[in-house]
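> make a model of this:
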Amino acid sequence: MMLLKIAFRNVLRNARRSLMTMSAVAVGFMAIALFGEFMAYITIGFQTTTVERTGHLSVFRTGYFDFGAGNPAAYGIADYPSVIRLIKEDPVLAPMLAVVTPSVTLFGIAGNFDIDASKTFFGVGIVPSDRDRMLQWDEYGMVRDRPPINSGLTDDNETEGVIGVGLARILGLCQALRIADCPQSPHPDATTVSSAPPPIDLAELTARDKTADQTDRSIPRIDLLAATAGGAPNVMSLTIAKAERQGVKELDDNFVAMHLHLAQQLLYGRGEHKAVGIVLQLKRSEDMASARARLGSLFKEKAQDLEVRDFTELQPQYNQVIGLFGAIFSFIALVMGVIVLFTVVNTMSMSVMERTDEIGTARAMGVRRQGIRRQFLLEGWMLGAIGATTGLILALIVATLVNRSGATWTPPGQAAAIPFRLLTSGVGHLIGSVWLGLVFIATLAALIPANRAARMTVVDALRHV
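A predicted model of the protein is given here:
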């Protein structure tokens, strides 16, 4: 206790220098902690949006992940309802599951032949009610930070679909869908054609395939052409429920979401309707590894030719974005740590020089070298502790002000702006690690001048002027 009291008095001996040192520690703590809180918010927000759309795990027929993009129909899962029942009824998996739903992916050509426009598209077939449940996944309490969203489709209407705003613009549907900030083509006489025109007259095939009740063009509608699993061309008409902005332009210009049954009919025609994938959304992300391991063993036991992939494999940009922010955080922490290190070394070195005669007197009175070293280390520790604690208080104030400012930003992979926030709950480990790290660096920085003070000879120290 006496050593603490003496150390505190020594820190206050040159209040201005000590204040500047503690300010450097406080600023370092604020920089690391605030960016760490922002990174934590980015991580859980990005994970939430990714899991909402793709689930945690996806089950495919073996080989689809590597080769299925070229021909998804060839990798369909036959009798997929029995596979879904197998997953849902497993006693190990059942408590972990939130949603288990089939999906279909396909490629083809979308056309609006009122203006003779067509464009290649990337389509997904979903069960609307399942997808709406997936979009409500909120393990980390992020839903309050954004407007409510849904798939835009219903289970009882298999003819409706949702397209990207970019695709709606290309196909000339901006006015019909009442899309704001959607420019018209500067060359209205030029038609938009796909990069790979079909070898048949798509417009003629579409007209031949329509029924009388499908000719009302007051309702926004496009025609989709895809090759079935047998290679025959298949055309379906799709009513557009809404256009939805996607976070990536390439996807926005090609995206079509539709009812699962419509996608199956387009991809498989009169053949057996299969699912290209089975999406699993878990209640907690922490269960992903154990759920994947259980699925692997379950499929092996039942001799199912299936493989399991998680969302980080299906969305490789997830790890890239998280890795980028992690590298930035490490760089900021390194820079702040070096600044604190040299600031404390300079302060403690000046203190040793000013107190040389005091050190000599203490040594002459019987204080051992270890005692001198301990005294200066304690002073360095105190500079770090006070500075880090001050930074903690200031960081909390700044985070509160930022969260209440109403500022918004658009995160990676999203099209809509959300509130700009710093995560202040659930980051105790981060805050504690930063506090301990900076205090340790300050104490370590004091070791160099403390050793110099401890090695002073008593006679030379007493003669110092």
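> only C-alpha atoms from now on, for both contacts and neighbour counts.
Noted.
> all strands for the stretch 101-250 of the chain, in order.
Secondary structure of the stretch 101-250 of the chain (DSSP state E, counting those that start in this stretch): strands at 117-126, 160-164, 221-227, 233-244.
> in JSON lines, list the ones you listed along with distance to residue 17.
Converted to JSON lines, those look like this (distance: least, Cα to Cα, whole Å):
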{"stretch": "strand 117-126", "distance to residue 17": "64"}
{"stretch": "strand 160-164", "distance to residue 17": "60"}
{"stretch": "strand 221-227", "distance to residue 17": "73"}
{"stretch": "strand 233-244", "distance to residue 17": "58"}
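> could the ones you listed go into CSV alongside mean neighbour count and distance to residue 66?
Output for the strands of the stretch 101-250 of the chain, formatted as CSV (neighbours: other Cα atoms under 10 Å; distance: least, Cα to Cα, whole Å):
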stretch, mean neighbour count, distance to residue 66
strand 117-126, 22, 18
strand 160-164, 24, 26
strand 221-227, 23, 21
strand 233-244, 21, 25
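> of all the ones you listed, which one comes closest to residue 301?
For residue 301, the closest of the strands of the stretch 101-250 of the chain is strand 117-126, at 28.5 Å, according to Cα to Cα.
> ok, that closest one: who's next to it in the sheet?
Here strand 117-126 has these sheet partners by DSSP bridges: strand 97-112 (antiparallel), strand 255-259 (parallel).
> what's the angle from the last one to strand 221-227?
Computed by axes from the mean of the first three to the mean of the last three Cα atoms, to 10 degrees, the angle separating strand 255-259 from strand 221-227 equals 90 degrees.
> quick check: what element follows strand 255-259 along the chain?
The first helix or strand that comes after strand 255-259 along the chain, using DSSP states H and E, is helix 260-268.
> so what does that next one touch, helix or strand wise?
When contacts are defined as 3 or more Cα pairs under 8 Å, 6 or more residues apart in numbering; DSSP states H and E, helix 260-268 sits against strand 97-112, strand 117-126, strand 221-227, strand 233-244.
> what mean pLDDT would you report for stretch 108-116?
The pLDDT scores in stretch 108-116 average 85.
> and that stretch, end to end?
Terminal residues of stretch 108-116 lie 16 Å apart, using Cα to Cα, to the nearest Å.
> give me the residues contacting it.
117-123, 171-172, 191-192, 194, 203, 221-227 (Cα atoms under 8 Å, 6 or more residues apart in numbering).
> how's the protein carved up into domains?
Domain segmentation of the chain under automatic domain parsing yields 2-47+319-463, 63-304.
> quick one: low-confidence residue ranges for the protein.
Where the chain drops to pLDDT under 70, the residues are 1, 143-148, 185-218, 363, 412-415, 458-465.
> for the closest residue to residue 279 other than its chain neighbours, which residues make a bridge with it?
Spatial nearest neighbour of residue 279, excluding adjacent residues (Cα to Cα, 6 or more residues apart in numbering): residue 58 at 4.5 Å. Beta bridges link residue 58 to residue 279, residue 309, judged by DSSP bridges.
> isn't residue 58 up against residue 306?
No: counting by Cα atoms under 8 Å, residue 58 sits too far from residue 306 to count as a contact (10.2 Å).
> in terms of neighbours, single out the busier of the two.
Neighbour count, other Cα atoms under 10 Å: between residue 58 and residue 306, residue 58 has more, with 23 against 18.
> tell me how far the one helix or strand residue 334 maps to lies from the chain's centre.
Assigned by DSSP H and E, residue 334 belongs to helix 317-354. Centroid separation for helix 317-354 versus its chain: 25 Å, with Cα atoms, centre = their mean, to the nearest Å.
> buried residues, that helix. List them.
Of the residues in helix 317-354, 318, 321-322, 325-326, 329, 332-333, 336-337, 340-349, 351-352 count as buried by neighbour count, 16 or more other Cα atoms under 10 Å.
> now swap in stretch 389-396 and tell me
389, 390, 391, 392, 394, 395, 396.
> looking at this, the fifth one is in a helix?
By that I understand residue 394. Yes: secondary structure of residue 394 (DSSP: H, G, I helix; E, B strand; the rest coil): part of a helix.
> correct me, but it touches residue 29?
No: if you go by Cα under 8 Å, residue 394 and residue 29 don't touch, sitting 9.3 Å apart.
> and the residue nearest to residue 310 when sequence neighbours are not counted, how close does it get to residue 282?
Closest residue to residue 310 apart from its sequence neighbours, by Cα to Cα, 6+ apart: residue 57 at 4.3 Å. Per Cα to Cα, residue 57 is found 8 Å from residue 282.
> okay, and the common contacts of the two?
With Cα under 8 Å, 6+ apart, residue 57 and residue 282 have common neighbours residue 288.
> go through the longest helix anywhere in the chain and flag the buried ones.
In the chain, taking DSSP state H as the definition, the longest helix is helix 15-54. Buried residues in helix 15-54, counted by 16+ other Cα under 10 Å: 17-19, 21-54.
> please apply the same query to stretch 428-441.
For stretch 428-441, by 16+ other Cα under 10 Å, it's 431, 434, 435, 437, 438, 439, 440, 441.
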